[in-house]
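1. Quick one: sequence plus predicted model below, questions after.
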Amino acid sequence: MTDLHVRKMDFAFKDRPVPFCWNPANPAFSSMANAVSFLAIGFEKMIVQLITQAKPLITDPEVAAEADAFMRQEGQHSTAHRQHVRALIDRYPGLQETLDAVVAEFDKLTASTSVRYRLAYTADLEATFTPVFKLMLDNEATLFAPGDDRVASLFLWHFVEEVEHRSSALIIFDSVVNSGLYRMRVAPSIFRHVMKVIRVACAGFNEHVPVDDREVDALSMFATYRLTQSLRGLVPGLTRVDNGTSPRAFDDLGLREQLVALNGVVRSQIPGHNPANEVLPALAEEWFRRYDAGYDVTRWYTAAEA
């Protein structure tokens, strides 16, 4: 079993306005991370409801304890992301509609699918986090350090805790369902839903956040959308929708690193995958060491200057 710790964080989002483009050196990553905040609120609400429903099905007391700690960690993540999103809504009130739409997608999933399916959903998505977040954390100097320290610190905390509980969702799934083939079979529908929700968030950003503030077309993270935009510029009679520039969040990262992460994502969906064996980002160990030593991890880049 993993040894999880529930850490309560306050990132002081109320102290001063939170910019949408919180890392001006990489507006595309800023937008993508903001979409993760919106997704996290709906996803983690679903997890709390799911674990509550699944508890009667868990007969192993160690797994039950794991499920409780996992649920409480996710609850803290949701609370912190709500604070971040609330700060964005204060600046752009229309984003409340976007948040409501994102949460509604997960509410519909909870109402229309079985506990078995949602356990697979959680296990499948959580399994991808370690390779994806390793890519991000290994490049924190580019992706996080130049940005607003509160937002950067929020995501660093969330991502290292996802690494910490990387095995939890699969432990719970195996205890209740124990079918790697089922988990793999439903993976395509799960990731279609994830991308649908992210697209809802990004469309909301384009609608409610002025282009001067976000700089990028939030939907440009989708390859199909970029292709459609390109075709609009080539086909007579069709006009390209000008919603900002179209860089990608990881354009400055090495191709080999991105391919390693992609391979990890694919591998994570194969029956028999064990997240405990994943190569971990070095920053996670440093983060836990600093936290245990009393460092203010809510200001990861600036606390030492105070």
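-> Sure, I can see it. Keep in mind that this is a model prediction, so the values were computed, not measured.

2. contacts and neighbour counts: CA atoms only from here.
-> Fine.

3. Which residues are in contact with residue 184?
-> 269, 270, 271 (Cα atoms under 8 Å, 6 or more residues apart in numbering).

4. Got the confidence number for residue 240?
-> We have a pLDDT of 58 for residue 240.

5. where in this structure is pLDDT low?
-> Counting by pLDDT under 70, the chain has low-confidence residues at 1-2, 232-242, 305-306.

6. center of it, which residue is that?
-> residue 36 (4.1 Å; Cα atoms, centre = their mean).

7. Now it: which helix or strand?
-> Assessed by DSSP states H and E, residue 36 sits inside helix 27-54.

8. what about the helix or strand just after that helix, distance to the chain center?
-> Later in the chain than helix 27-54, the nearest helix or strand by DSSP H and E is helix 61-91. On the basis of Cα atoms, centre = their mean, to the nearest Å, helix 61-91 sits 12 Å off its chain's mean C-alpha point.

9. what's the angle from helix 61-91 to helix 27-54?
-> Relative orientation of helix 61-91 with respect to helix 27-54: 140 degrees, computed using axes from the mean of the first three to the mean of the last three Cα atoms, to 10 degrees.

10. contacts for the next helix or strand after helix 61-91?
-> Downstream of helix 61-91, the first helix or strand assigned by DSSP H and E is helix 95-112. Residues from elsewhere that reach helix 95-112 (Cα under 8 Å, 6+ apart): 38-39, 41-43, 46, 50, 88-89, 118, 197, 200-201, 204-205, 208.

11. repeat that for 10 Å
-> If you take Cα atoms under 10 Å, 6 or more residues apart in numbering as the criterion, helix 95-112 is touched by 35, 37-47, 49-50, 82, 85-86, 88-90, 117-118, 193-194, 196-205, 207-209.

12. Of the residues you listed, just the buried ones, ChimeraX syntax please.
-> In ChimeraX, this line selects whichever of the contacts of helix 95-112 come out buried by 16 or more other Cα atoms under 10 Å:
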select :35,37,38,39,40,41,42,43,44,45,46,47,50,82,85,86,88,89,117,118,193,194,197,198,199,200,201,202,204,205,208,209
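
13. Residue 71 contacts residue 51, correct?
-> Yes: between residue 71 and residue 51 a contact is recorded at 6.8 Å, counting by Cα atoms under 10 Å.

14. Residue 107: neighbouring residues, count only.
-> By the criterion of other Cα atoms under 10 Å, residue 107 has 16 neighbours.

15. so what's residue 262 up against?
-> For residue 262, the contacting residues are 128, 131, 132, 135, 256, 268, by Cα under 10 Å, 6+ apart.

16. Would you mark the buried spots in the strand or helix carrying it?
-> Using DSSP H and E, residue 262 sits in helix 255-267. Neighbour-count burial for helix 255-267, counted by 16+ other Cα under 10 Å, picks out 258, 261, 262, 264, 265, 267.

17. Wait, a strand at residue 183?
-> No: if the criterion is DSSP: H, G, I helix; E, B strand; the rest coil, then residue 183 is helix and not within a strand.

18. what residues are shared contacts of residue 71 and residue 51?
-> Contacts common to residue 71 and residue 51, judged by Cα under 10 Å, 6+ apart, are residue 169.

19. Quick check: next helix or strand after the helix holding residue 262?
-> For helix 255-267, the succeeding helix or strand toward the C-terminus, using DSSP H and E, is helix 282-292.

20. Only C-alpha atoms, please: export that following helix in PDB.
-> C-alpha atoms of helix 282-292 as PDB (Å, rounded to 0.1, in the frame of the first residue of the first chain):
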ATOM      1  CA  ALA A 282      13.300  14.100  -9.300                       C
ATOM      2  CA  LEU A 283      11.300  17.200  -8.300                       C
ATOM      3  CA  ALA A 284       8.800  15.100  -6.400                       C
ATOM      4  CA  GLU A 285      11.400  13.800  -4.000                       C
ATOM      5  CA  GLU A 286      12.700  17.400  -3.500                       C
ATOM      6  CA  TRP A 287       9.200  18.700  -2.900                       C
ATOM      7  CA  PHE A 288       8.500  16.100  -0.200                       C
ATOM      8  CA  ARG A 289      11.800  16.800   1.400                       C
ATOM      9  CA  ARG A 290      11.200  20.500   1.500                       C
ATOM     10  CA  TYR A 291       7.700  20.100   2.800                       C
ATOM     11  CA  ASP A 292       8.800  17.800   5.600                       C
END
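
21. got the contact list for residue 218?
-> The contact partners of residue 218, by Cα under 10 Å, 6+ apart, come to 27-32, 34-35, 199, 201-207, 209, 211, 243-248.

22. so where does the residue nearest to the residue nearest to the centre of the chain when sequence neighbours are not counted fall, helix or strand?
-> Once flanking residues are discounted, residue 36 sits nearest to residue 198: 7.6 Å by Cα to Cα, 6 or more residues apart in numbering. According to DSSP H and E, residue 198 maps onto helix 180-208.
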